[in-house]
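Student: Model the structure of this input:
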Amino acid sequence: MQRVIAGFTAGLTFGAGLVISGMSNPLKVQNFLDVFGNWDPSLAFVMGGAILVAFPFFRLVRRLPKPFVADDFRLPTLQQIDGRLILGSATFGAGWGLIGLCPGPALVSLSLLSPQAIVFVFCMTSGMLLARAVANLSLQKAQRQVR
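Tutor: Okay, here's the model as predicted:
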């Protein structure tokens with residue numbers, strides 16, 4: 001139960017921060033990327049503020065023997081740059097730039113019943129399911145070749 005409360009509180013805080021900072025508004029992101037037009041630097045200040053707040057806690061967490069509400073830390077093990085990472089990053093960046101939403105703000109906007117967010121979340125979910133299906137097919141193909 002403690003884990004659920006901590007997750008809910010973290011999600012609620014993150015969502016409130018997105019709404020208060022205006023980052024759930026796709027035009028805010030698109031205007032930030034429009035450096036030769038209607039440029040809005042506020043996204044840089046939001047990101048900078050988030051880094052300033054989070055950085056000390058990331059340093060502190062590395063010194064803890066275990067997390068407060070989990071059995072152990074789950075850190076990424078892959079540290080190589082491969083084609084999947086590059087393709088995924090490029091797809092994410094293109095979608096973020098074109099639509100002005102990424103998963104966090106999209107879910108916040110979804111809770112506000114934004115039609116743009118509804119379409120975005122549907123397409124994002126479809127893309128995630130498609131990517132998983134392709135990865136599973138690739139894994140099955142690789143396993144057949146090993147046999």
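Student: Geometric centre of the chain: which residue is closest?
Tutor: residue 103 (5.1 Å; C-alpha atoms, centre = their mean).
Student: what's the closest non-adjacent residue to that residue?
Tutor: residue 124 (6.5 Å; C-beta to C-beta, 6 or more residues apart in numbering). Quick note: C-beta positions are derived from backbone N, CA and C, even for glycine.
Student: Repeat that for residue 72.
Tutor: Nearest non-adjacent residue to residue 72, counting by C-beta to C-beta, 6+ apart: residue 66, 5.9 Å away.
Student: Need the per-residue pLDDT for that neighbour.
Tutor: Here the pLDDT value assigned to residue 66 is 87.
Student: Next, work out how far apart it and residue 13 are.
Tutor: 22 Å (C-beta to C-beta, to the nearest Å).
Student: Residue for residue, what is the longest helix the chain has?
Tutor: In the chain, taking DSSP state H as the definition, the longest helix is helix 115-146.
Student: what sits against residue 23?
Tutor: By C-beta atoms under 8 Å, 6 or more residues apart in numbering, residue 23 lies in contact with 17, 29, 43, 46, 105.
Student: how close does it sit to residue 88?
Tutor: From residue 23 over to residue 88 (counting by C-beta to C-beta), the distance is 21 Å.
Student: Kindly report the same for residue 72.
Tutor: Residue 72 is 26 Å from residue 88, by C-beta to C-beta.
Student: With neighbour numbers in mind, choose between those two.
Tutor: Using other C-beta atoms under 10 Å as the criterion, residue 72 and residue 88 rank with residue 88 on top: 12 against 8.
Student: hmm, back to that, share the number of residues neighbouring the residue nearest to residue 103, please.
Tutor: Other residues within reach of residue 124, judged by other C-beta under 10 Å, total 19.
Student: Pull out the buried positions in stretch 61-68.
Tutor: Going by neighbour count (16 or more other C-beta atoms under 10 Å), nothing in stretch 61-68 comes out as buried.
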